[in-house]
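[1] Sequence unavailable; structure follows:
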């Protein structure tokens, strides 16, 4: 059973879900557009052995909206939460959350025991986001978020967003054809509480302002599990980004997935849990 609480962080209040106290602290940090419930398929099993905490980022879920949504802003938020722990924590981050996990581990090595990176977006990928299918997808989601409405309305609008065809350049398909109806409704639930401005920095190329990934990696001393999604299936970490990232980390265990894209914890929770357990049991 998870309970939610609004926690003051600077001028904001961040919504944090906390599970039963069953072990050391483990933070689950979601990606752009999502909310803490995104980790639903792996929550129960992790909560049986860890004290799991899962925040909503600023501008997401039940957390307050903010004036700035750079990666550095998210890092400061999560760092403030993690610093309240009485012992070092494990941070599992997906996508944006993975970048945040790296930033927190670099800035506060004494508070981070280990880090799990679930398909973080590479710096090269983000620099050229405009030529990836994610640019059109995120722009369409931002437009739907600006419209607002009920979850049912948002689900219908999202389903009609045209996104690039993964195999046919120049052609588009409806967003509803990329996921099942239940998954689409969950995205609509996330969008219902999303500040549309959260997408601006990612789409406009300024998301990494003040966040230089190279120096961050050099300061991460804890063990890191890097889970790389298949670029052919929508992964955000192509080899040109994954290879130098893994090489720059002092203690990196890398696993490249085949046929599983950017959402490993949703697309294949069984494999994700198997990797997590093996890594966490090695600490």
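    Noted; the coordinates are in hand. Quantities reported herein were computed from a predicted structural model and do not represent experimental measurements.

[2] drop to CA atoms for contacts and neighbour counts, all remaining ones
    Will do.

[3] so what's residue 116 bridging to?
    residue 92, residue 225 (DSSP bridges).

[4] Now do the contacts for it.
    By C-alpha atoms under 8 Å, 6 or more residues apart in numbering, the contact list for residue 116 reads 90, 91, 92, 93, 98, 101, 224, 225, 226, 227, 276.

[5] same for whichever strand or helix holds the first one, what does it pack against?
    Residue 90 is part of strand 89-94 when elements are defined by DSSP states H and E. Here strand 89-94 is seen to pack against strand 25-29, helix 96-107, strand 112-118 when contacts are counted using 3 or more C-alpha pairs under 8 Å, 6 or more residues apart in numbering; DSSP states H and E.

[6] Tell me which stretches of the stretch 151-283 of the chain form strands.
    Assigned by DSSP state E, counting those that start in this stretch, the stretch 151-283 of the chain shows strands spanning 162-164, 172-174, 224-228, 252-256.

[7] Touching, residue 61 and residue 35? I think so.
    Yes: contact criterion C-alpha atoms under 8 Å: residue 61 and residue 35 qualify, at 5.3 Å.

[8] about what we covered before: pick the most buried one from the strands of the stretch 151-283 of the chain.
    strand 224-228 (a mean of 24; mean count of other C-alpha atoms under 10 Å).

[9] quick one: contacts of that one?
    Counting by C-alpha under 8 Å, 6+ apart, 114-120, 235, 237, 242, 246, 249, 251-257, 279 sit against strand 224-228.

[10] and it with strand 112-118, angle?
    0 degrees (axes from the mean of the first three to the mean of the last three C-alpha atoms, to 10 degrees).

[11] average pLDDT for strand 224-228?
    Averaged over strand 224-228, pLDDT sits at 98.

[12] re earlier: report the angle between the strand holding residue 90 and helix 96-107.
    150 degrees.

[13] For the least confident helix or strand in the chain by mean pLDDT, name the packing helices and strands.
    The least trusted helix or strand in the chain, going by mean pLDDT, DSSP states H and E, turns out to be helix 123-127, with a mean of 87. On a contact count with 3+ C-alpha pairs under 8 Å, 6+ apart, helix 123-127 meets helix 239-248.

[14] Show me how far the helix it packs on is from its chain's centre.
    From the chain centre to the centre of helix 239-248 is a distance of 19 Å (C-alpha atoms, centre = their mean, to the nearest Å).

[15] buried ones in it?
    241, 242, 245, 246, 248 (16 or more other C-alpha atoms under 10 Å).

[16] Closest to residue 110 out of those?
    Minimum distance to residue 110 across the buried residues of helix 239-248 is 19.6 Å, recorded for residue 248 (C-alpha to C-alpha).

[17] follow-up on the earlier one: quick one: the strands of the stretch 151-283 of the chain as JSON lines, columns for distance to residue 215 too.
    Formatted as JSON lines, the strands of the stretch 151-283 of the chain follow (distance: least, C-alpha to C-alpha, whole Å):
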{"stretch": "strand 162-164", "distance to residue 215": "34"}
{"stretch": "strand 172-174", "distance to residue 215": "39"}
{"stretch": "strand 224-228", "distance to residue 215": "16"}
{"stretch": "strand 252-256", "distance to residue 215": "16"}
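
[18] Next, name the residue at the spatial heart of this protein.
    residue 31 (2.3 Å; C-alpha atoms, centre = their mean).

[19] Alright, calling it a day.
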